[in-house]
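S.K.: Sequence unavailable; structure follows:
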């Protein structure tokens, strides 16, 4: 009964529009009061949840992203991608996905990717005759890559809650991210050809392509520096965040020279705001994890799985379906911090690789970003295009199918996710 009331209270609070940290925190306080008659354990739970060196990566990756966005590197990225493939029939959509892929490795955020690339690409695609819905679908889908291609904020949060290696998670996201980006790009190209969207820019010559690559090389090299250092064992994921932040400063101030001292102060303020919000959510999730342990919810899940005879496959199927449904109504951060503490003991009991599960989780959360009624990328595109939401949803619908197919592929072939971290020497 207590478990049922806990979930009903949490869902009711979240549906009111209350901030995530407040909804999780109030629910947890209620459980502690009912079970223990006091809430004194909150302090220890908050301290334990925030006492992790890994959390230092969050503000540094956030600062890195804010600085690179402020430096307007996306202009060079889009120009380079467009010069490389924009002259091909349907190549502009391909170029947009390529830009999203590279920018995803800089921003670590799906919303930032969709917003930044969309602001540049939507007018360009419409100018060359792309159907409005196809344009919106490409941006919505391309934006989702922001949480799968490292560095990824949701991956860091999952790592904190599950104690999975963040370095292994980052590397595990590379191959799935690139393969899904390729699937998006090929589909956008086929879609453009099918609807006669073949107007394109003239080929400007190999020299102009080389020039564009030279102009954008500093932005393109950022993910190479960050992930290459992790892969080669030169530095940890947390140290990589610091290197990335310094690299972003160098590019913005020395190379591009488009960021002023006032801009940097704005980046610091945005970083502080983002970090404080995430840390409050993590602290609330720590209390929630303590509360559900008191009411033996994780144990109840293990007992239910045992009684139903669910093996690894059956349990993962149920979890993936549940997360897909939750994704229609809740934000990605809330889903990670609510579901992971509940199912983590069962995943361990069933010998599920936590890095592999993390990739499946993130792909499922990509779906949450483009499925109504609460798909964040859908509303971002509506905000920058003022298009009808129904039109945006229709454009994103085929990419929902592609992501579901990708989820099954990476479920059936775990080695696609685990090969790179194993090659790098991570014990997964």
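M.R.: That came through fine. Note that the structure is predicted; figures quoted are calculated from it, not measured.

S.K.: Tell me if I'm right that residue 115 and residue 382 touch.
M.R.: No - Residue 115 lies out of contact with residue 382 (Cβ atoms under 8 Å); the separation is 11.4 Å. Any C-beta I mention is one placed from the backbone N, CA and C, and that applies to glycine too.

S.K.: more neighbours, the two?
M.R.: The neighbour count for residue 115 versus residue 382, taken as other Cβ atoms under 10 Å, is higher for residue 115 (19 against 16).

S.K.: Any regions of the stretch 101-250 of the chain where pLDDT drops low?
M.R.: Scanning the stretch 101-250 of the chain for pLDDT under 70 picks out the ranges 196-205.

S.K.: let's see 50
M.R.: Along the stretch 101-250 of the chain, no part satisfies pLDDT under 50.

S.K.: Identify the residue nearest the geometric centre of this protein.
M.R.: Of all residues in the chain, the one closest to the mean position by Cα atoms, centre = their mean is residue 147, 1.6 Å from it.

S.K.: ok, that residue - contacts?
M.R.: Contacts for residue 147 (Cβ atoms under 8 Å, 6 or more residues apart in numbering) come out as 108, 109, 110, 153, 154, 155, 332, 362, 365, 366, 369.

S.K.: List the ones among those that fall in helices.
M.R.: With DSSP state H as the criterion, helices contain 110, 153, 154, 155, 332, 362, 365, 366, 369 from among these.

S.K.: which two in these are spaced the farthest apart?
M.R.: 155 and 369 (14.6 Å; Cβ to Cβ).

S.K.: With residue 364 as the reference, measure out to residue 311.
M.R.: Taking Cβ to Cβ, to the nearest Å as the criterion, residue 311 is separated from residue 364 by 20 Å.

S.K.: Revised request: answer the last question for residue 349.
M.R.: On the measure of Cβ to Cβ, residue 349 and residue 364 end up 21 Å apart.

S.K.: cool, residue 219 as well?
M.R.: According to Cβ to Cβ, residue 219 and residue 364 sit 29 Å apart.

S.K.: and what of residue 390?
M.R.: For residue 390, the distance to residue 364 - Cβ to Cβ - is 24 Å.

S.K.: likewise residue 420?
M.R.: For residue 420 relative to residue 364 (Cβ to Cβ), the value is 20 Å.

S.K.: Identify the residues contacting the helix or strand where residue 404 lies?
M.R.: Taking DSSP states H and E as the definition, residue 404 sits inside helix 389-412. Residues outside helix 389-412 that contact it (Cβ under 8 Å, 6+ apart): 132-138, 140-141, 144, 176, 179-180, 183-184, 187, 191, 316, 320, 359-360, 363-364, 366-367, 370-372, 375, 377-379, 381-382, 385, 416-417.

S.K.: taking the mean pLDDT, what do you get for it?
M.R.: For helix 389-412, mean pLDDT is 94.
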